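Undergrad: Kindly generate the corresponding structure for this input.
(chains A and B)
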2 protein chains.
Amino acid sequence: MSNDRLIYLPLGGAGEIGMNCYVYGYGPRDRERLIVVDLGVAFPDMDTSPGVDLIFPDIQWLADRRDRIEAIFITHAHEDHVGALGHLWDRLRAPVYARQFTAMNAVRKMEEQGADPANVHVVGKWPETVTAGPFTVGFLPVSHSIPESSALVIDTPEGRVIHTGDFKIDHMPGVGEPFDRELFAQVSKDGVRALVCDSTNVFSPHEGRSESTVGPEIARLVAEQPGMVVATTFASNVARVRTLAQAGIASGRSVCLLGRAMRRMIETSVQAGVLSDFPSTISPEDAREVPRESLMLIVTGSQGERRAASAQLARGKYLGLTMAEGDTFLFSSKTIPGNERGVIRVMNQFSEMGVDVVDDDNGRYHVSGHANRPDLLAMHELTRPQMVVPMHGEHRHLREHVKLATANGRDGVLAPNGTCISLSGNKPEVVEYVETGRTYLDGSVRIGAMDGVVRDRIRMALNGHVVVTLIMDEDDTPLGDPWVELMGLPEKGVSGASLTEVMEADLGQFLQRADDKTLLDDDKLDTGLRRVARQVAVTEIGRKPEVTVVVSRLS
Amino acid sequence: MSNDRLIYLPLGGAGEIGMNCYVYGYGPRDRERLIVVDLGVAFPDMDTSPGVDLIFPDIQWLADRRDRIEAIFITHAHEDHVGALGHLWDRLRAPVYARQFTAMNAVRKMEEQGADPANVHVVGKWPETVTAGPFTVGFLPVSHSIPESSALVIDTPEGRVIHTGDFKIDHMPGVGEPFDRELFAQVSKDGVRALVCDSTNVFSPHEGRSESTVGPEIARLVAEQPGMVVATTFASNVARVRTLAQAGIASGRSVCLLGRAMRRMIETSVQAGVLSDFPSTISPEDAREVPRESLMLIVTGSQGERRAASAQLARGKYLGLTMAEGDTFLFSSKTIPGNERGVIRVMNQFSEMGVDVVDDDNGRYHVSGHANRPDLLAMHELTRPQMVVPMHGEHRHLREHVKLATANGRDGVLAPNGTCISLSGNKPEVVEYVETGRTYLDGSVRIGAMDGVVRDRIRMALNGHVVVTLIMDEDDTPLGDPWVELMGLPEKGVSGASLTEVMEADLGQFLQRADDKTLLDDDKLDTGLRRVARQVAVTEIGRKPEVTVVVSRLS
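TA: Next up is the predicted model:
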């Protein structure tokens, strides 16, 4: 019997929605040849990652085994699947494979970070395949909310694995290939060892609806509006952007695309040949001359992002265009959990302008790009895998998806990030736990989520920051009183006196009473001054600030 | 004709959900006698108010007119209506009126902040009334998600005003009075000048459901669970807590209440006589001895609050009680927008323990306490007011509620916080805009939202903080090199060198080149050092930190 084994290891995306990165390996233990599927980002928030620009999966495990990586496959061009490629490629240095439109986006990601785009290779759809070490991989078209999304058919010496990527079952997706049940049944007919499957919508109980259902509703809404209509959706949802544009044209409006991502995605789609009948649009300059009742803007910023076109319009103007009483703003999108505050802020700003805001209205103007619970079950039944490995989801999604699979008589395995699974036996088996985590892109620097940098920022935000400065003379006595600078703290405490002055007075007293052992020892001084500063803060303002003590010794 | 006028002025709650505070006045212009309705809080978040403990409306306008305030009325005991009473009463010093249960909560709020609880007076329900200057005020029972909620019937020389407070139309609320259509019709039959009306659920299109509908669903769910059941809801939703407890008892479980607020609310309800048939409960100590399949816990923390019982159970244990595989956790509650991240965190922590999490499942296990759109219209029709003044809502809610009123042939007026409205004429008229805002309780100190304190905290969280220390000798030359301390910033930049060292070197060079004019001028030194520190940061780490410069001059 062979010592070789087939392993699966999620490094990101199995334990959160976002920053997808999955590894497959085949070979003798600890000498498996590896392929990587997707290199995505997640987005920071003020609660857990203030100041951070992007979040990557920690790929140290892969980087340590760089010589064993045969290839990187990108399933589709969403940021949570391709966004980290340019940033992380240099640590992996393997050839990158994707279909045309996805590859064009991957090339841009490489170029933006100074990585050589020649490492990105275009692959046609199934039955075309790429051989990468012991793996042969093909791109099987699926419907999703961006063109050219693909499941991967991964043939291994142990049999076939289907990695769904993000998908929904949509027979009329508008742009991009319809979901092809026949094709999935056909590639599965000789047996599927494992279905590694999207779990995002496992809690959505009803069969998913087609992208084609929102078109008529949007057309009706746009036609009924008396003023200017502004609509937002994800720029990458090219089918939706086209639907919106068509609704604008059908109602006799000129259509203008606003926001760099919006224009770029449409251009790339046309260049890649996945979009051929997009209505003609006008420039922002020309839009300014069009009567508002004859104008429709399609803008970035469906999640209330502060710098996007929607938020700028909500604050006043964008490229000279403004919204006014009687206009309508449509969110043809869902608010991703965690983004509610930003979206609501934008809605209220529009309300203050007298703009009518229409949201997705329980699915009338938006449908999800992910397979709902019955659709997941349909996928299980189409492919009839020996085992189901849920991915793309928080822990609760993965767990629920395992329950769904086992309730229907299949082996399911719960494999959050870092769980290395052997797919070789009759049942999936956990063979190892690998350390995983998050890497932050912070300005131009990468830092570990556990490095303490972001923890200190959160502490300063919650507690404020006191800086105590002290000069010690050549003879190790304090030269004058210590100085206090406050940041993020109230000027006055409950006594009514200046917090700085009370703190400086108490610190001065502490120094007067301090013995030589304290005065000679920087650590003791630091501890003592910090304690006094905190005591004053607790008494005066009822909180314990962060304290930085700077002792300068003249010598 | 009289020079007297009837005015309405919202200071909080009309422009946000929370921190409710409304003023009515009657008399000659700028000499109106005033009453205040509700003194509530709002809750901070990391995005806009990190480190803040509570948010109050800015009541400076009221405090400046303290001698004109006749009384303060509290409609019900939710935190966003009574939570600021103890904190702000000292600045207003008027008698406080509320019904029994609400008054007991108001007394506690006063006591907690050292205000004299003898200022709180209990009033019976309508037809009992209180006369306060030119106003006569009665408490008209309404159904809501806390016992004894009341609308106010405010009789003025200009006629009757109905201030709904929070309400829903529920004929079987379980605990507390059912909504009494007859009574509302009766108090309105001689004409209502203005209906000042809750707007929270104006975007909910369907008629609201009764609290009584969730009981059977919860009972079925709890009975079906094989392990321990833990349920959370707002502690103040006494009817729901009772429903949950009854479901526990009905399924043969012992019931234990966890969380201080949960136990206190039930005790107060029993004492106030609004709750008479609450099932007997056991202590946490006894609960530890009960087999888990025979136990139900009802806990605080429906919003994922980090210190609440639910979050503590999710992290491990609470009072010796733990959750385990096969147990069930029920959110019999809705997640308030903005709290999603915290709730999802708790859900995933439970998932990791193997606990099944059940959420409100589109209303199966939870109903709202607020009137939906058709119910608002029903209230308009019951009271047939001359004008509708929407309150309790963000700007978009108020605006939509005005549209609803006008579409149905009534005068509606959009009056966000600070909009002083005259209700005296045939139509509502804006007579003045008053400066309003937010006051933060920050530790033990109150600070204005615009004081810059919180802005600095947000900046430190987003940008990190650099402290530059420099000692200048008696002859105004730098004594040694400047020192740099970093907080919330990476240790190394793109050059691979220590950020502190690169910064100190560049700052040292700057000082060597600085002319006397710079060295003698603290402002110039500060500006120069700050600029150099930021330049280094931009080059090395790609971000502009906050910089504090401390120059000490020996003299």
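Undergrad: since we're on residue A:147, how many residues are nearby?
TA: 29 (other C-beta atoms under 10 Å in any protein chain shown). Backbone N, C-alpha and C define where each C-beta goes, glycine included.
Undergrad: ok, it touching residue A:278?
TA: No. Residue A:147 sits out of contact with residue A:278 when judged by C-beta atoms under 8 Å, with a separation of 11.9 Å.
Undergrad: okay, and the common contacts of those two?
TA: residue A:269 (C-beta atoms under 8 Å, 6 or more residues apart in numbering or on different chains).
Undergrad: Just to be sure, residue A:162 is in a strand?
TA: Yes. Assessed with DSSP: H, G, I helix; E, B strand; the rest coil, residue A:162 lies in a strand.
Undergrad: give the contact list for it.
TA: A:140, A:151-154, A:184, A:187-188, A:192, A:194-196, A:383, A:385.
Undergrad: now, among those residues, which is nearest to residue B:552?
TA: residue A:196 (62.1 Å; C-beta to C-beta).
Undergrad: How far away from the center of its chain is the helix or strand hosting the closest one?
TA: Assigned by DSSP states H and E, residue A:196 belongs to strand A:192-198. Offset of strand A:192-198 from its chain centre (C-alpha atoms, centre = their mean, to the nearest Å): 23 Å.
Undergrad: Note down every partner strand of that strand and its orientation.
TA: strand A:159-163 (parallel), strand A:385-391 (parallel) (DSSP bridges).
Undergrad: Residue ranges in the stretch 451-555 of chain A under the pLDDT threshold?
TA: The stretch 451-555 of chain A contains no residues with pLDDT under 70.
Undergrad: what's the spacing between the residue of it at minimum distance from chain B and residue A:529?
TA: Residue nearest to chain B within the stretch 451-555 of chain A (C-beta to the nearest C-beta): residue A:542, separated by 2.9 Å. In this structure, residue A:542 and residue A:529 are 20 Å apart, going by C-beta to C-beta, to the nearest Å.
Undergrad: Who has more neighbours out of these two?
TA: residue A:529 (27 against 15).
Undergrad: ok, residue A:393 - contacts?
TA: A:14, A:17, A:198, A:199, A:200, A:202, A:401 are the contacts of residue A:393 under C-beta under 8 Å, 6+ apart.
Undergrad: pLDDT and neighbour count for those residues - can I get that in a markdown table?
TA: Shown next, in a markdown table, are those (pLDDT from 0 to 100; neighbours: other C-beta atoms under 10 Å in any protein chain shown):
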| residue | pLDDT | neighbour count |
| --- | --- | --- |
| A:14 | 98 | 29 |
| A:17 | 94 | 19 |
| A:198 | 98 | 28 |
| A:199 | 98 | 29 |
| A:200 | 97 | 22 |
| A:202 | 97 | 27 |
| A:401 | 98 | 28 |
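Undergrad: Chain neighbours aside, what residue packs nearest to residue A:158?
TA: residue A:6 (4.3 Å; C-beta to C-beta, 6 or more residues apart in numbering or on different chains).
Undergrad: Remind me what the host helix or strand of that neighbour packs against, helices and strands.
TA: Per DSSP H and E, residue A:6 falls inside strand A:4-12. Judged by 3 or more C-beta pairs under 8 Å, 6 or more residues apart in numbering or on different chains; DSSP states H and E, strand A:4-12 is in contact with strand A:21-28, strand A:54-57, helix A:60-63, strand A:192-198, strand A:419-422.
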